[in-house]
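Colleague: the following block contains a protein sequence and its predicted model.
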Amino acid sequence: MDAATAEMKAKFLAFLQDEDIRKEVRKLFGVEEKEREIAELKSLVKTQEAQIVDQDKRLNELEHEYATYQRREQVWSARKVMRDAKPPRGSSLPENMRNVYLQENLTRRNQEIMFAARELRRKKKLWAVWTDSCIMKVRVREGSPTIRITSMDDLLKAAGVDDGSQK
């Protein structure tokens, strides 16, 4: 580096010692805007990390497939007793088993019927819809008898909806 360049560099560094000039240079190059953007990105990353942790917790839920239908039915019928049971000492299961949820696997046809039933419930045509051991059930009003449904026709009849095929 020659003497002129060194002298120019020294003058520039001395020039930057002034706080007002440093502020103006930061504005000129948009440093403050970049720092604000970096802070926003860090905040966004923290939010996304928290969401990922929540998703990981949900993924750690216990899923189980049964070898036989009879074994599944044994567990299914004992589900209420299971909620009050205490896990063995040293077990990784939670102390409070109230959050145990057993998921039913409906056939595609029954899934479609239950989807329609939930839609009718949202439209206030039915009071409640649910499945119990893959048996679809509805209740038209609170306190009314439970109606077992096996087809879309049963559902529409229970809800009092005309399916449009009788014209």
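Modeller: Good, I have the coordinates.

Colleague: what segments of this structure are helices?
Modeller: For the chain, the helices identified by DSSP state H occupy 3-16, 19-29, 31-59, 69-77, 79-84, 108-122, 152-159, in order along the chain.

Colleague: mean pLDDT for those helices: which is lowest?
Modeller: Of all the helices of the chain, helix 79-84 carries the lowest average pLDDT, namely a mean of 64.

Colleague: what's the domain layout of the chain?
Modeller: Split into domains by automatic domain parsing, the chain comes to 3-59, 69-99, 108-159.

Colleague: can you pull the pLDDT of the closest residue to residue 141 other than its chain neighbours?
Modeller: The spatially closest residue to residue 141, leaving aside those adjacent along the chain, is residue 127, at 5.2 Å (CB to CB, 6 or more residues apart in numbering). C-beta: built from backbone N, CA, C; applies to glycine. For residue 127, the pLDDT comes out at 91.

Colleague: residue 127 is in contact with residue 140, isn't it?
Modeller: Yes: counting by CB atoms under 8 Å, a contact exists between residue 127 and residue 140, whose distance comes to 6.0 Å.

Colleague: out of the two, which sits in the more crowded spot?
Modeller: Between residue 127 and residue 140, counted using other CB atoms under 10 Å, the more crowded position is residue 140 (17 against 13).

Colleague: hang on, the earlier thing: hey, which of the domains of the chain is tucked in deepest?
Modeller: Each of the domains of the chain was given a mean neighbour count from mean count of other CB atoms under 10 Å, and the largest, a mean of 15, is that of domain 108-159.
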